[in-house]
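In: Test case, fold it:
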Amino acid sequence: MEWKEHYDKVQYTTRGVIDLFKDMELEFQPGTRFEYSSSAYNLLGAVIEEASGMPHEEYMKSQIWKPLGMESTQLDTRKIIPNRARGYDINDGVLMNSVHVNNSLWFAAGGGRSTVLDLIKYSKSLEEAGVLPRETQYKMFKPMTLADGTQTRYGMGWGIDSETGRTIISHAGGQPGTTTHLLHVLGLDFGLAIGCNRGYVDQIGEIAREIVRAFINEAV
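Out: Reported below is the predicted structural model:
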């Protein structure tokens, strides 16, 4: 959707988030191109709420976070979170406190708060029969194919790549005050989570890849 500066300062309901883009024209015909979309994840969150009859956070807690022992994971709100790290950004070369972002705008697309330890718990579950059957999980790790046969290198919520013959699934996220990267090497029971309390740090992804390369080289 077209970005407007005030969007991330408002408290939204699920319906309110969907109303922001529901009448917009498609940028391209489905199946002809791939482009990451936070709005699409918000739409998926709305579908989950409708199908389950539960608010998004309640569903995630009961079906994923609690079963996996992710006790420090929740949606971001104005509530006090004990031991929460302060977020920073660099403006004109100066390190400053990050601006306030009301993450109700991104409730299903990046509105969560977690820790690297909780993310590793999630990573460990990716090849186990737990919250999802193993065969269902592996469907998420297959890249989508466009109508012309082109593979997108993106599955169901995961970037998909390879390193020295191993399949790596990963996802990154960034916003004011925080940058996160999660990678998992399929077949090696290895996951890596990096969290940084500074917004949009591009180097985090490459640091994560270097660590994964070193681990794979040691493993083989």
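In: Please enumerate the strands of the chain.
Out: Secondary structure of the chain, counting by DSSP state E: strands at 74-75, 88-91, 94-97, 112-113, 159-163, 166-175, 178-185, 190-196.
In: Packing partners of the first one?
Out: Same thing as strand 74-75. Counting contacts by 3 or more Cβ pairs under 8 Å, 6 or more residues apart in numbering; DSSP states H and E, strand 74-75 is packed against helix 56-60, strand 112-113. In this view, the C-beta of every residue, glycine as well, is placed from N, C-alpha and C.
In: quick one: strands adjacent to it?
Out: Using DSSP bridges, strand 74-75 pairs in its sheet with strand 112-113 (antiparallel).
In: Double-check residue 146 against residue 33; I have them as touching.
Out: Yes. Counting by Cβ atoms under 8 Å, a contact exists between residue 146 and residue 33, whose distance comes to 6.9 Å.
In: Would you work out how far apart the start and end of stretch 149-160 are?
Out: Chord length of stretch 149-160, first to last residue, is 17 Å (Cα to Cα, to the nearest Å).
In: buried sites along it?
Out: Using 16 or more other Cβ atoms under 10 Å as the test for burial, stretch 149-160 gives 154, 155, 158, 159, 160.
In: Buried residues in the lowest-mean-pLDDT helix or strand in the chain, which are they?
Out: Across the helices and strands of the chain, mean pLDDT, DSSP states H and E gives its lowest value to helix 134-140, namely a mean of 88. Buried residues in helix 134-140, defined by neighbour count with 16+ other Cβ under 10 Å: residue 137.
In: Residue ranges in this structure under the pLDDT threshold?
Out: Counting by pLDDT under 70, the chain contains low-confidence residues at 1-5, 220.
In: how far away is the residue nearest to residue 74 when sequence neighbours are not counted from residue 17?
Out: Spatial nearest neighbour of residue 74, excluding adjacent residues (Cβ to Cβ, 6 or more residues apart in numbering): residue 113 at 5.8 Å. From residue 113 over to residue 17 the distance is 18 Å, taken as Cβ to Cβ, to the nearest Å.
In: higher neighbour count, the two?
Out: residue 17 (25 against 16; other Cβ atoms under 10 Å).
In: Please name the residues that touch that one.
Out: Residues counted as contacts of residue 17 (Cβ atoms under 8 Å, 6 or more residues apart in numbering) are 42, 46, 104, 105, 107.
In: can you put the helices and strands packed on strand 74-75 in JSON lines and add distance to residue 190?
Out: What follows is the helices and strands packed on strand 74-75, written out as JSON lines (distance: least, Cβ to Cβ, whole Å):
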{"stretch": "helix 56-60", "distance to residue 190": "25"}
{"stretch": "strand 112-113", "distance to residue 190": "23"}
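In: Just the CA atoms of the longest helix anywhere in the chain, as PDB, please.
Out: Of all segments of type helix in the chain, defined using DSSP state H, the longest is helix 203-219. Output of helix 203-219 as PDB, limited to C-alpha atoms (Å, rounded to 0.1, in the frame of the first residue of the first chain):
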ATOM      1  CA  GLN A 203      25.000  -6.000   7.700                       C
ATOM      2  CA  ILE A 204      23.000  -8.300  10.000                       C
ATOM      3  CA  GLY A 205      22.000 -10.600   7.100                       C
ATOM      4  CA  GLU A 206      25.600 -11.000   5.900                       C
ATOM      5  CA  ILE A 207      26.900 -11.600   9.400                       C
ATOM      6  CA  ALA A 208      24.300 -14.400   9.800                       C
ATOM      7  CA  ARG A 209      25.300 -15.900   6.500                       C
ATOM      8  CA  GLU A 210      29.000 -15.900   7.400                       C
ATOM      9  CA  ILE A 211      28.300 -17.700  10.700                       C
ATOM     10  CA  VAL A 212      26.200 -20.300   8.800                       C
ATOM     11  CA  ARG A 213      28.900 -20.800   6.200                       C
ATOM     12  CA  ALA A 214      31.400 -21.500   9.000                       C
ATOM     13  CA  PHE A 215      29.100 -23.900  10.700                       C
ATOM     14  CA  ILE A 216      28.400 -25.900   7.500                       C
ATOM     15  CA  ASN A 217      32.100 -26.100   6.700                       C
ATOM     16  CA  GLU A 218      32.800 -27.500  10.100                       C
ATOM     17  CA  ALA A 219      29.800 -29.900   9.900                       C
END
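In: No more questions from me, cheers.
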